[in-house]
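Trainee: Structure for this input, please:
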Amino acid sequence: MSHPVRLAINGATGRMGQVLVQLVKGDKRFVLVAALVSANSALLGQPVFPGENAPTYTNSWPDAGALDVVIDFSGPAGLAAALTYCESHGVALVTGTTGLDPTFGQRLAVSSQRIALLRSANFSLGVAVLTRLLREAAATLPSWDLDIIEAHHNRKEDAPSGTALALGEAAADARGTSLSESGVYSREGRTGPRALGTIGFAVVRGGDVVGEHEAWLMGKGERIELTHRATDRSIFARGALEAAHWLSGRPPGEYDIDAMLSERASR
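Mentor: Sure, this is the predicted structure:
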């Protein structure tokens, strides 16, 4: 695009929203038009950052034609509001909101017929590469047991993480199945021998862990461990900004980080 991408951040006072606000302030590819917060936020009406033309934290969406793309890190209710706005005004949407029920997933699929939509549980470049590696390993070693272990801070509300589930789905798809058929989310008591082809999940919550994901593929006498550890939350925000810049101006459809990376690699 010839002009800076006009951006709104939905969930601007959340953990990810705060990092996005700081990053976009110094990124000349963007102009921040709106920073959306809940109606009861203590920051409502306050300037987002110092400056004469700085936007204020708001609970009202901009008028038609004011935006090119929305980045959403809010929650189910906040994402629903963002979808309604974007569909009504033809605005692209990047969302990292997790913890959604299957019905909401169906709504996102319908929305992608009307707007450019990029949804990811994790905007880290490293996690995108981890997903590719796991997909290949799971397909190459279909009889090996597979468990996915994830750890996050003690304030995270959903489990397993959206990233862990996305990794599991990628592995299951590579093996011609799905998590609804092969996922195992708890083990307690006398569970008996492991069922062939299952994909297990283990969850750790504590402290200020930014995010860790491991995939263990276990065969007879050997094991492969694929690991990604995030030590700085800004990697997710940077990835979301890259996605927003890439998605802006694209036709309606459902996009993902892998498509963005593949396009860049082919140049």
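
Trainee: Going by C-alpha atoms from here, please, whenever you check contacts or count neighbours.
Mentor: Noted.

Trainee: For stretch 149-164, buried residues please.
Mentor: 149-152, 159-164 (16 or more other CA atoms under 10 Å).

Trainee: Please list all residues in contact with I148.
Mentor: With contact taken as CA atoms under 8 Å, 6 or more residues apart in numbering, I148 is in contact with 164, 167-168, 199-202, 213-216.

Trainee: at 7 Å instead, please
Mentor: Contact analysis of I148 by CA atoms under 7 Å, 6 or more residues apart in numbering lists 164, 200-202, 214-216.

Trainee: now do P160
Mentor: Under the criterion of CA under 7 Å, 6+ apart, the contact list for P160 reads V203.

Trainee: Go again with 10 Å.
Mentor: Contact partners of P160, counting by CA atoms under 10 Å, 6 or more residues apart in numbering, are 99, 148-152, 185, 201-204.

Trainee: if we can go back for a sec, so which one among the buried residues of stretch 149-164 has the lowest pLDDT?
Mentor: Among the buried residues of stretch 149-164, G162 carries the weakest pLDDT, at 88.

Trainee: my guess is that residue meets T97, correct?
Mentor: Yes: using CA atoms under 10 Å as the test, G162 is close enough to T97 to be in contact (8.7 Å).

Trainee: Name the nearest of the buried residues of stretch 149-164 relative to A80.
Mentor: Taking CA to CA as the measure, A80 sits nearest to G162 out of these, at 17.8 Å.

Trainee: Tell me the confidence at the closest residue to R233 other than its chain neighbours?
Mentor: For R233, ignoring the flanking residues on the chain, the nearest one in space by CA to CA, 6 or more residues apart in numbering is V210 at 6.3 Å. On pLDDT, V210 comes in at 91.

Trainee: OK, contacts around V210?
Mentor: So V210 contacts 151-154, 156, 229-233 (CA under 10 Å, 6+ apart).

Trainee: May I see these organised as CSV, with secondary structure added?
Mentor: Below are the contacts of V210 laid out as CSV (DSSP: H, G, I helix; E, B strand; the rest coil):
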residue, secondary structure
A151, strand
H152, strand
H153, coil
N154, coil
K156, coil
R229, strand
A230, strand
T231, coil
D232, coil
R233, coil
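
Trainee: would JSON lines of the residues you listed with distance to E52 be doable?
Mentor: Converted to JSON lines, the contacts of V210 look like this (distance: CA to CA, whole Å):
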{"residue": "A151", "distance to E52": "42"}
{"residue": "H152", "distance to E52": "38"}
{"residue": "H153", "distance to E52": "37"}
{"residue": "N154", "distance to E52": "38"}
{"residue": "K156", "distance to E52": "36"}
{"residue": "R229", "distance to E52": "39"}
{"residue": "A230", "distance to E52": "36"}
{"residue": "T231", "distance to E52": "34"}
{"residue": "D232", "distance to E52": "31"}
{"residue": "R233", "distance to E52": "29"}
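
Trainee: on that earlier part again, strands - which of the buried residues of stretch 149-164 land there?
Mentor: Per DSSP state E, strands hold the following members of the buried residues of stretch 149-164: 149-152.
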